[in-house]
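K.L.:
Sequence and computational prediction follow.
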Amino acid sequence: MDFKSYIRDIQDFPKEGVVFKDITPLLKNGEALNQTVKALLELLDDKNVDKVVGMESRGFFFAPLLASKLGAGFVPVRKPGKLPAKTLQQSYDLEYGKDMLEVHQDSIKKGDKILVHDDVLATGGTALATCELIKRLGGEIVQCNFLIELTFLNGAEKLKEYPIKSLIKY
Ligand SMILES: O=P(O)(O)OC[C@H]1O[C@H](OP(=O)(O)OP(=O)(O)O)[C@H](O)[C@@H]1O
Ligand SMILES: Nc1ncnc2[nH]cnc12
């Protein structure tokens, strides 16, 4: 499937100078959605996974779908103040700002095999902060997989200690 044909560029969103990759055309098409889930699972090469970690908010589109197909659990990594129980926190840089991520302290057990999923790998700040949270909880990252990698922002370099795969590269 030509996945790129379901992704549109929005100029100057959310800030001037950013070309935003909008995946809502892909999400609203049933066949494209189904093929995307299959293709993201194929990136995994049958690796065992206990939990899929997805990052708020666009990581939540696919991470629970992947978890369900894998028979794994889903763990949300969220922006500050959204998770109700005890959390670990990690700050990170964005292509267009700075923020903090949190995960519940009891969401991952030592030795859990973790698939990290997000829709976009840009500078890698979000994914690196997520991987650090998972490591602090004792999780073992088997793969970080992304729907889209913006290669010109060098996120892969920031994540070089982790196995990463992306379905679509720009
Ligand atoms: O590699 P990075 O430079 O860290 O950028 C990638 C992150 O940016 C976007 O999320 P955003 O923070 O815009 O939030 P949203 O998912 O709530 O739209 C995207 O969904 C990734 O999580
Ligand atoms: N250019 C971009 N398009 C969509 N999501 C993003 N997250 C970070 N940079 C992005």
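P.N.:
Okay, I see it. Ligands and ions are numbered 1, 2, ... in the order given.
K.L.:
Please work out how many residues are found near residue 8.
P.N.:
Using other CB atoms under 10 Å, residue 8 is surrounded by 13 other residues. All C-beta spots, glycine's among them, are computed from the backbone N, C-alpha and C.
K.L.:
just residue 64 next, same as before
P.N.:
The number of residues packed near residue 64 is 18, by other CB under 10 Å.
K.L.:
show me what contacts the residue most central in space within the chain?
P.N.:
For the chain, residue 118 is the residue whose C-alpha lies nearest the centre (CA atoms, centre = their mean; 1.5 Å). Residues in contact with residue 118 (CB atoms under 8 Å, 6 or more residues apart in numbering) are 54-55, 58-59, 63, 126-127, 130, 144, 146-147.
K.L.:
Out of the residues you listed, flag the one nearest to residue 137.
P.N.:
In terms of CB to CB, no member of these lies closer to residue 137 than residue 130, at 11.1 Å.
K.L.:
Tell me the residues of this structure that contact ligand 2?
P.N.:
18-21, 95, 120, 122, 150 (CB under 6 Å from any ligand atom).
K.L.:
min pLDDT across those, which one?
P.N.:
pLDDT is lowest at residue 95 among the residues of the chain next to ligand 2; the value there is 62.
K.L.:
Using JSON lines, please lay out the residues of the chain next to ligand 2 together with neighbour count.
P.N.:
Shown next, in JSON lines, are the residues of the chain next to ligand 2 (neighbours: other CB atoms under 10 Å):
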{"residue": "18", "neighbour count": "14"}
{"residue": "19", "neighbour count": "11"}
{"residue": "20", "neighbour count": "16"}
{"residue": "21", "neighbour count": "19"}
{"residue": "95", "neighbour count": "18"}
{"residue": "120", "neighbour count": "23"}
{"residue": "122", "neighbour count": "21"}
{"residue": "150", "neighbour count": "20"}
